[in-house]
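Peer 1: just the structure for this:
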Amino acid sequence: MQDVLFEARGPVALITLQRPAQRNAVHRPMADALRSAFERFEADDSLRVAVLHGAGGHFCAGADLAAVADPRLRNELDPAGGPNAPMGPTRMALTKPLIAAIEGYAVAGGLELALLADLRVAAEDAQLGVFCRRWGVPLIDGGTVRLPRLIGMGHALDLILTGRAVGAAEALSMGLVNRVVAHGGALAAAEMLARELAAFPQRCMLADRASAYAQWNLSAPEALCQEGRLGVPIVAAEGAAGAARFTQGHGRHGAADSGR
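Peer 2: Have a look, this model is predicted:
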């Protein structure tokens, strides 16, 4: 059985973590396969949004600690912090949106995988947390970087220092997840959201996304200038046609506009 499955569903790439007996814990071969899946998504211009989820009722329980003693299976550890992260793709800078569909556990390295996503859809009984705190395993797949940027330092340190479990309702309240749905409904909701994103004019959406990510290390004036550099060319490329559709009555009062 493949550890990672890749399926193109129209403009949406569905990436499935496929070790349900281990709650989709990731060893090195699986990490390599997962990175390859994301590289495939990035390289395919027909795929606009990816959805990452786990088979068997859980998103991901993190790195496979049972593989530590086996040099063939243990996760890659590069003290220089190279591009190949222990969980696979977590040091990639994706250029297209990723949505995580979370059922069950998204903990330790699994939480870090979820943090790679732009958006997170969680089932109402999902559990998130830095469970690796209990075993002396540090966050080396982006957790100490993405978590504070996403939910603020206070909430992030609460999770990082205590390693406590966070339910879906609390995760929603702190901004750790974006949507909460009924048990078993995370994947369907994430796919629906992915198709909504895929239907928008893409150059405009991707330019805005890129500006939002790129502004972190800039002063406000520099970030505003960069926003203009990224966005102004899109006004002619997509915005003018969109404005014309609006004047013709499309997409008013919040209605979807499918004409791209």
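
Peer 1: where along the protein do the helices fall?
Peer 2: For the chain, helices defined by DSSP state H occupy the ranges 28-43, 109-116, 143-151, 153-162, 168-173, 186-199, 202-214, 220-234, 240-247.

Peer 1: which of those sits most buried?
Peer 2: Most buried of these by mean neighbour count (mean count of other CB atoms under 10 Å) is helix 109-116; its value is a mean of 28. The way it works is simple: take the backbone N, C-alpha and C, and place the C-beta from them, glycine included.

Peer 1: okay, and the beta partners of V51?
Peer 2: Under DSSP bridges, the beta-bridge partners of V51 are L14, I99.

Peer 1: so what's the residue count around Q18?
Peer 2: Residues near Q18, counting by other CB atoms under 10 Å, number 16.

Peer 1: verify the stated contact: it with E7.
Peer 2: No. Q18 is beyond contact range of E7, at 11.3 Å (criterion: CB atoms under 8 Å).

Peer 1: how far away is T144 from A220?
Peer 2: 25 Å (CB to CB, to the nearest Å).

Peer 1: need the contact list for A169.
Peer 2: By CB atoms under 8 Å, 6 or more residues apart in numbering, the contact set of A169 is E124, V180.

Peer 1: and it, what's its pLDDT?
Peer 2: Looking at A169, its pLDDT is 98.

Peer 1: kindly report the same for the one 10 residues further on.
Peer 2: In the predicted model, R179 carries a pLDDT score of 98.

Peer 1: so which of the helices of the chain gets nearest D64?
Peer 2: Closest to D64 of those, according to CB to CB: helix 28-43, at 7.7 Å.

Peer 1: looking at the helices of the chain, which is closest to R134?
Peer 2: Proximity to R134 (CB to CB) singles out helix 153-162 among the helices of the chain, at 10.3 Å.

Peer 1: quick one, phi/psi of R164?
Peer 2: Torsion angles at R164 (phi, psi; degrees, to the nearest 10) stand at phi -70, psi 160.

Peer 1: also G163?
Peer 2: Dihedral pair for G163: phi 70, psi 20, per degrees, to the nearest 10.

Peer 1: give me the nearest residue to it, chain neighbours excluded.
Peer 2: R133 (2.8 Å; CB to CB, 6 or more residues apart in numbering).
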